[in-house]
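In: quick one, fold the following:
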Amino acid sequence: MEHNLDSIDKKILDELQKEGRLTNQELSDRVSLSPSPCLRRVRALEKKGIITGYHAHIDQEKCGLPINVFVLVKLEKPTEENMVKFESLIDQMDEVLECFLMTGTHDYLLHVVSESLKTYERFIRRELTRLPNIAAIESSFAFGQVKKRSRLPI
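Out: Model prediction:
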């Protein structure tokens, strides 16, 4: 669903993506709007679901999770019921940061973080392979991260 964003809404979104902890006064100054209308616009963007939350950027290596694995998963039978069940179970796994439904030869792409190869192996053996209806799992390990961006090009 497309929301018609005017140039001020786009400026607000851009500034909040750069720095989510801006005060309303700081934000209103940056987008050249007085504080009350600025706050109303932010609340409207939140209400419409365009702004879905605020978070801190965390250094995953400093938190003891240096391993990034991209996992392709193929289901035996990708029926609606099986997909809903798989997605529900994946949603409960903290190691899985992202899960994408894909086109092509695999049904899902997972972004998994781990503290070591050993803990990733445990995750595969004890959790992922125990999910019902799994036909294939293919893991690719990232050597390093070249680019990380959470800011949309609005």
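In: the most centrally placed residue in the chain: what secondary structure?
Out: Residue closest to the average C-alpha location in the chain (Cα atoms, centre = their mean): residue 98, at 5.3 Å. Put simply, residue 98 is strand when judged by DSSP: H, G, I helix; E, B strand; the rest coil.
In: got the contact list for it?
Out: 110-111 (Cβ atoms under 8 Å, 6 or more residues apart in numbering). The C-beta positions use only the backbone N, C-alpha and C, and glycine is treated the same way.
In: which strand residues bridge it?
Out: Beta-bridge pairing of residue 98 under DSSP bridges involves residue 111.
In: contacts only, for the residue lying farthest from the centre of the chain.
Out: Largest separation from the mean C-alpha position in the chain: residue 34, at 32.5 Å (Cα atoms, centre = their mean). Contacts here follow Cβ under 8 Å, 6+ apart; on that basis residue 34 touches residue 28.
In: one step back: I'd like the distance between the residue nearest to the centre of the chain and residue 111.
Out: Separation of residue 98 from residue 111 (Cβ to Cβ, to the nearest Å) stands at 4 Å.
In: ok, residue 95 next?
Out: 10 Å.
In: who has more neighbours, these two?
Out: Between residue 95 and residue 111, counted using other Cβ atoms under 10 Å, residue 95 has the larger neighbour count: 20 against 15.
In: show me the residues around that one that make contact.
Out: 112-114, 123, 127.
In: so which of those residues are in helices?
Out: Judged by DSSP state H, helices contain the following of the contacts of residue 95: residue 123.
In: which of the contacts of residue 95 sits closest to residue 17?
Out: residue 113 (22.6 Å; Cβ to Cβ).
In: sketch out the low-pLDDT regions of this protein for me.
Out: 1-3 (pLDDT under 70).
In: how does it divide up, domain by domain?
Out: Split into domains by automatic domain parsing, the chain comes to 7-47, 67-141.
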